[in-house]
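> next input, structure requested:
(one chain, ligands or ions: 1)
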Amino acid sequence: MPVPTIEWHRGGVKIIDQSKLPKKLTYLYCTDATSIWQAIRKLQVRGAPAIGVAVAFGVVLGIKGSTTKNYRDFEKDLNEVIDYLATARPTAINLFWALERMKHVANVNRDEGIPELKRILLNEAQKILEEDKEVCRKIGENGQALVENGDTILTHCNAGALATVDYGTALGIIYRAREEGKKVSVYVDESRPLLQGARLTTWELMREGIDVTLICDGMVGRVMEEGRISKVLVGADRVAANGDCANKIGTYNLAILAHAHHMPFYIACPTSSFDLTLARGNEIPIEERDGDEVTTLYGRRIAPEGVKVYNPAFDVTPAHLITAIITEVGIARPLYKESLKAQVTNPKFQ
Ligand code: MRU
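Below you'll find the model as predicted:
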């Protein structure tokens, strides 16, 4: 199985530095909230579930040095750390979900005394990490039912072990299908500008011994038209109440192409990626990143100096293009307004 992307190690957070892959497998060691913030912002740790885990430990590290004696002062320090970490990246709801969870746990245990409260917060971050492992395996178990022996699955960006603690959402389904004895091949597009598909998904799948073929983003239509793909399976950063899903830029293109070629388009994500407070996907905040990511490739300029650039990091796939949303609870199908709500209130996986 893949090596853990993120772990609590000797009072700090040990994280695979994904910006260095596939050239080398190196680790970052974060001992304060600032280094966690930077690791998230620079995509050294990335993928919605992994961001949620990292930010929870970021809270632990951020309040570690608080010398306050009463809860009211401690809460001030805690809120400051939480507000700061909330600015790391805007789209993946898991970041805000984890911060809310940490805030809630502190509040519920406000009478415990500060040293005990710090211990409780560390325990909660560790719980979020452990739960991610369990949730991903459940997603794999539920989703493998949709995979047939001999399928060739197109995926985008990286929704694998690297985007979670150790198993993945979309790729977790592929791992589980293989464990069930099904033969599965994968196509992955590069996922420009930051090439998570080319750099990370190929690396991860090759290490796992899964047959993987890399294509450029613009080749998807041709590859589908040639009949090389049987279904599309990707992750999500935030799911609105009507089933619209934000995911890595380029996902929407794939959904339209899948629809045009009459093939299923599946989203795999934990219910912690649901944001049922948003009615529709157009309310999801979309991160816009530095233009340098588009004008350069591995630090080398590829576009003329002075060219105008637009660099949205995510897009929103409308619910009507999504065949099903696979979570740890089960498989949600349209109408998502009802099926997503039912998943959150369903105690089956509590
Ligand atoms: O910018 P990134 O690399 O953090 O974007 C990641 C994605 O879009 C993933 O598909 C998504 O977070 C799901 S990960 C299980």
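> which parts of the stretch 101-250 of the chain sit against the ligand?
Contact residues (C-beta under 6 Å from any ligand atom) of the stretch 101-250 of the chain with the ligand: 157, 159, 163-164, 169, 196, 234-237, 247-248. Bear in mind the C-beta positions are built from the backbone N, C-alpha and C, glycine included.
> reformat those as TSV; add distance to residue 305, secondary structure and pLDDT.
Compiled in TSV, those are given as follows (distance: C-beta to C-beta, whole Å; DSSP: H, G, I helix; E, B strand; the rest coil; pLDDT from 0 to 100):
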residue	distance to residue 305	secondary structure	pLDDT
157	29	coil	98
159	35	coil	98
163	34	helix	98
164	39	coil	98
169	40	coil	98
196	27	helix	98
234	35	strand	99
235	35	coil	98
236	36	coil	98
237	32	coil	98
247	32	strand	99
248	28	strand	98
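> same list (the residues you listed) but as a markdown table, adding neighbour count and distance to residue 17.
A markdown table is the format used below for those (neighbours: other C-beta atoms under 10 Å; distance: C-beta to C-beta, whole Å):
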| residue | neighbour count | distance to residue 17 |
| --- | --- | --- |
| 157 | 28 | 18 |
| 159 | 33 | 19 |
| 163 | 31 | 14 |
| 164 | 32 | 16 |
| 169 | 32 | 21 |
| 196 | 27 | 14 |
| 234 | 27 | 24 |
| 235 | 31 | 20 |
| 236 | 30 | 24 |
| 237 | 32 | 21 |
| 247 | 29 | 23 |
| 248 | 26 | 19 |
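> which one of the residues you listed sits closest to residue 59?
Nearest to residue 59 out of those is residue 164 (C-beta to C-beta; 19.1 Å).
> leaving out chain neighbours, which residue sits closest to that closest one?
Leaving aside its chain neighbours, residue 164 sits nearest to residue 49 (4.3 Å; criterion: C-beta to C-beta, 6 or more residues apart in numbering).
> which helix or strand contains the one you found?
helix 48-63 (DSSP states H and E).
> beyond that helix, next helix or strand please.
Using DSSP H and E, the next helix or strand after helix 48-63 towards the C-terminus is helix 71-85.
> angle of the next helix-or-strand element following that following helix against helix 71-85?
Downstream of helix 71-85, the next assigned helix or strand under DSSP H and E is helix 93-108. If you take axes from the mean of the first three to the mean of the last three C-alpha atoms, to 10 degrees, helix 93-108 sits at 180 degrees to helix 71-85.
> just use 30 as the starting number from now, easier for me
OK, 30 is where the count begins now, so the last one is helix 122-137.
> the residue nearest to residue 146 when sequence neighbours are not counted and the ligand, how far apart?
Leaving aside its sequence neighbours, residue 146 sits nearest to residue 138 (C-beta to C-beta, 6+ apart; 5.7 Å). Distance, residue 138 to the ligand, by C-beta to the nearest ligand atom, to the nearest Å: 30 Å.
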